[in-house]
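Participant: I would like the atomic coordinates for the input below:
(2 chains)
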There are 2 protein chains.
Amino acid sequence: MAHEYDDHIAVRPAGSGRYDADLAGGWVVGGGVNGGYLLAVIGNAIRAELPGKPDPLSISAYYLAASVPGPATVDVSVRRDGGSVATVAADLRQGDEARITALASYGDLTRLGDDVRTTAEQPDLPPRERCVPSTMAPAAFRATAPLLDRFDMLFHPDRIGWAVGEPGGTGEISAWFRLAGGREPDPISLLTVVDALPPVTFELGMPGWAPTLELTAHVRARPAPGWLKVRHATRNLAGGMFEEDCEVWDSAGRLVAQSRQLARQPR
Amino acid sequence: MAHEYDDHIAVRPAGSGRYDADLAGGWVVGGGVNGGYLLAVIGNAIRAELPGKPDPLSISAYYLAASVPGPATVDVSVRRDGGSVATVAADLRQGDEARITALASYGDLTRLGDDVRTTAEQPDLPPRERCVPSTMAPAAFRATAPLLDRFDMLFHPDRIGWAVGEPGGTGEISAWFRLAGGREPDPISLLTVVDALPPVTFELGMPGWAPTLELTAHVRARPAPGWLKVRHATRNLAGGMFEEDCEVWDSAGRLVAQSRQLARQPR
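Facilitator: This next block holds a predicted model:
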């Protein structure tokens, strides 16, 4: 079955490590195109450039300027390809302007050992039928965030106060997550998932978008099919900036991705 | 007063964004030169290339190959310099080989707001006179880690079992930290501090060095003079890799740096 997400992140080889992409307007949020979606477009181009090393182990993106819907190019430059890991530099450009510059290491997650010793705990979320879907967001809000139609998000019914002007101040937002049409998660789509939830600053009583300066994601395992659990949390809002940590858990209860971004506090 | 650390991280401009450095043998640990020291050398070169933006806000380093003591060059390429933040790419090379490739955003930490809303808590460490200094490490161990002479580290007396073959399994190591000779901390030296403690895997019963694939550090404030408190922790060791989070607190009780690295589990 074809899913819109695969069309949205599609890249076409243009030679010499360059890939053409079309940034989908459906991922616009606030003033620009969602950073997690852009990260997956870059990640998809890198994947195409590295046969035999299909999975992002780590990717670090520095957001230089807001991207807009429409044509873009991703230039991938291999910095080292030895053994089981390849490291590349990649730039996403629109026109002559670099909008995002990134570094990444890729490998094959299926070739890693299967030992797991995690003390991290899954987000505490009730069964999905008891959660609050993002489709219940006010129309005025949805109008500024067409990306809300790109996936299903289900929030804890007792911790949704931030959505109605009563933030809990916990610095944490968790949700069930699934791409539109039930498109199953994979290592590339996890790059979108880590930046899909609302900024955790919503929960601190700071509505408004929080521009990302830097985001690094580690994909730790290939996700099992099914719904994901996602947690955003911040512990240090200071100097007009905050870190936002994201954890993504798959339906098998495995922590499949961890990310941290440094973002500007909403004005 | 002159301190060895300043000599060790010194860079000399060679034109066109290139800086010459001499990697100090005193920072060798296990098979190579300490990654945090190398990060500060790179950070120092970037600082020299960006007048008016002296402080690393975020730096992401991908370790391509182990570095060795001796001559090295750092090439800094400005990717964007607009407003209060500049973003650069930088490579540390020895001979013709890139050993580390990095991206970084710099600014002026003194120009950030002074609002602080942190829920993060300082490491629980007793007064320094009750802690165990790293100088008590066995001679055989110290012989493999000359970097232990580059700084003072004081560990919690009740949580030092990992050093004598009795790891606690908590996945956390904390210590008081100060550079040799009492050299005061600054934003650049924090890049060394975030990778100075023993790998947290020691505490999980896995002695041996843990090669870093990627390390991203966020410097959140200029540190006050005096001793630092440093915490290393991991929550997810899986597939032969683990994330190591580091927090650095200054003598004023402020969280001044946060970092995360993805490293390989010791063999």
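Participant: ok, and does stretch A:218-235 reach over to chain B?
Facilitator: Yes. Stretch A:218-235 is in contact with chain B by Cβ under 8 Å from any Cβ of the partner chain, via A:His218, A:Arg220, A:Ala221, A:Arg235. Heads up, the C-betas are built off the backbone N, CA and C, glycines and all.
Participant: The residues you listed into TSV, with extra columns for distance to B:Val41 and secondary structure?
Facilitator: Output for the residues of stretch A:218-235 next to chain B, formatted as TSV (distance: Cβ to Cβ, whole Å; DSSP: H, G, I helix; E, B strand; the rest coil):
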residue	distance to B:Val41	secondary structure
A:His218	25	strand
A:Arg220	30	coil
A:Ala221	34	coil
A:Arg235	29	coil
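Participant: Those residues: which two are farthest apart?
Facilitator: Across the residues of stretch A:218-235 next to chain B, the longest distance by Cβ to Cβ is 24.7 Å; it joins A:Ala221 and A:Arg235.
Participant: Which one's more surrounded, those two?
Facilitator: A:Ala221 (22 against 19; other Cβ atoms under 10 Å in any protein chain shown).
Participant: next one: phi and psi at the more buried one?
Facilitator: phi -170, psi 160 (degrees, to the nearest 10).
Participant: since we're on A:Ala72, how many residues are nearby?
Facilitator: That count, for A:Ala72 with other Cβ under 10 Å as the rule, works out to 24.
Participant: my guess is it contacts A:Arg18, does it?
Facilitator: No. Counting by Cβ atoms under 8 Å, A:Ala72 does not reach A:Arg18; the two are 11.0 Å apart.
Participant: and the stretch 101-250 of chain A, which of its residues are near chain B?
Facilitator: A:101-103, A:105, A:109, A:112-120, A:171, A:204, A:213-214, A:216, A:218, A:220-221, A:235-241, A:243.
Participant: I'd like the list of these that fall within strands, please.
Facilitator: Judged by DSSP state E, the subset of those located in strands is A:101-103, A:105, A:116-118, A:213-214, A:216, A:218, A:236-238, A:241, A:243.
Participant: Can you turn the buried part of those residues into a PyMOL selection?
Facilitator: If you want just the buried ones from these in PyMOL, going by 16 or more other Cβ atoms under 10 Å in any protein chain shown, the selection is:
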select buried, chain A and resi 101+102+103+105+118+213+214+216+218+236+237+238+241+243
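Participant: just checking, what packs against the helix or strand hosting A:Pro56?
Facilitator: Using DSSP states H and E, A:Pro56 sits within strand A:55-63. Here strand A:55-63 touches helix A:35-49, strand A:97-107, strand A:212-219, strand B:55-63, strand B:97-107, strand B:212-219, going by 3 or more Cβ pairs under 8 Å, 6 or more residues apart in numbering or on different chains; DSSP states H and E.
Participant: okay, the angle between the longest one and strand A:97-107?
Facilitator: On the basis of axes from the mean of the first three to the mean of the last three Cα atoms, to 10 degrees, helix A:35-49 is oriented at 60 degrees to strand A:97-107.
Participant: out of the residues of stretch A:218-235 next to chain B, who's nearest chain B?
Facilitator: A:Arg235 (4.0 Å; Cβ to the nearest Cβ).
Participant: Skipping its backbone neighbours, what lies nearest that closest one in space?
Facilitator: With sequence-adjacent residues excluded and distances taken as Cβ to Cβ, 6 or more residues apart in numbering or on different chains, A:Arg235 is closest to B:Ala120, at 4.0 Å.
Participant: so who does the one you found touch?
Facilitator: For B:Ala120, the contacting residues are A:Arg235, A:Asn236, B:Glu247, B:Leu255, by Cβ atoms under 8 Å, 6 or more residues apart in numbering or on different chains.
Participant: Next, the angle from the longest strand along chain A to helix A:35-49.
Facilitator: Longest strand in chain A by number of residues (criterion: DSSP E): strand A:70-82. Angle, strand A:70-82 to helix A:35-49, by the same axes, to 10 degrees: 50 degrees.
Participant: Relative to the whole chain's centre, how far out is the very next helix or strand once past strand A:70-82?
Facilitator: With elements assigned by DSSP H and E, the helix or strand that comes after strand A:70-82 is strand A:85-94. Averaging C-alpha positions (Cα atoms, centre = their mean, to the nearest Å) puts strand A:85-94 17 Å from its chain's average.
Participant: Mind listing residues that contact strand A:85-94?
Facilitator: With Cβ under 8 Å, 6+ apart as the criterion, strand A:85-94 contacts A:21, A:23, A:38, A:41-42, A:45-46, A:49-50, A:53, A:57, A:67-68, A:70-81, A:98-107, B:62, B:64, B:89, B:101, B:213.
Participant: if you set the cut-off to 7 Å instead, what comes out?
Facilitator: A:38, A:41-42, A:45-46, A:49-50, A:53, A:57, A:67-68, A:72-80, A:98-107, B:62, B:64, B:101 (Cβ atoms under 7 Å, 6 or more residues apart in numbering or on different chains).
Participant: Quick check on the residues you listed: which are buried?
Facilitator: Buried among the contacts of strand A:85-94 (16+ other Cβ under 10 Å): A:38, A:41-42, A:45-46, A:49-50, A:53, A:57, A:67-68, A:72-76, A:79-80, A:98-107, B:62, B:64, B:101.
Participant: okay, now A:Ala140: neighbour count?
Facilitator: 7.
Participant: could you point out which element follows the strand or helix carrying it?
Facilitator: Assigning secondary structure by DSSP H and E places A:Ala140 in helix A:139-144. Using DSSP H and E, the next helix or strand after helix A:139-144 towards the C-terminus is strand A:151-155.
Participant: Can you name the residues in contact with that following strand?
Facilitator: Strand A:151-155 is touched from outside by A:128, A:131-134, A:175-180, A:196-197, with contacts defined as Cβ under 7 Å, 6+ apart.
Participant: Do you know the pLDDT at A:Lys142?
Facilitator: You called it Lys, but residue A:142 is Arg. With respect to pLDDT, A:Arg142 has a value of 82.
Participant: any idea how far A:His218 is from the closest residue to it other than its chain neighbours?
Facilitator: Computed as Cβ to Cβ, 6+ apart, the closest residue to A:Arg142 that is not its neighbour in sequence is A:Leu148, at 5.5 Å. Distance from A:Leu148 to A:His218, counting by Cβ to Cβ, to the nearest Å: 26 Å.
Participant: One more: A:His232?
Facilitator: 16 Å.
Participant: Just the CA coordinates for the helix holding A:Ala140, please, in PDB.
Facilitator: Only the C-alpha atoms of helix A:139-144 are listed here, as PDB (Å, rounded to 0.1, in the frame of the first residue of the first chain):
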ATOM      1  CA  ALA A 139      -9.600  24.900  14.000                       C
ATOM      2  CA  ALA A 140      -7.600  28.100  14.400                       C
ATOM      3  CA  PHE A 141      -4.700  26.200  15.700                       C
ATOM      4  CA  ARG A 142      -4.900  23.500  13.000                       C
ATOM      5  CA  ALA A 143      -5.000  26.100  10.400                       C
ATOM      6  CA  THR A 144      -1.400  27.100  11.400                       C
END
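Participant: Number of residues surrounding the nearest residue to A:Cys131 once chain neighbours are set aside?
Facilitator: Spatially, and ignoring its direct neighbours in sequence, A:Cys131 is nearest to A:Leu154 (3.6 Å; Cβ to Cβ, 6+ apart). By other Cβ under 10 Å, 23 other residues sit near A:Leu154.
Participant: in the sheet, who's paired with A:Leu154?
Facilitator: A:Pro133, A:Trp176 (DSSP bridges).
Participant: what's near enough to touch the residue of the stretch 51-200 of chain A found nearest chain B?
Facilitator: Using Cβ to the nearest Cβ, the single residue of the stretch 51-200 of chain A nearest to chain B is A:Leu112, 3.4 Å away. A:Leu112 is in contact with B:Gly239, B:Gly240, counting by Cβ under 7 Å, 6+ apart.
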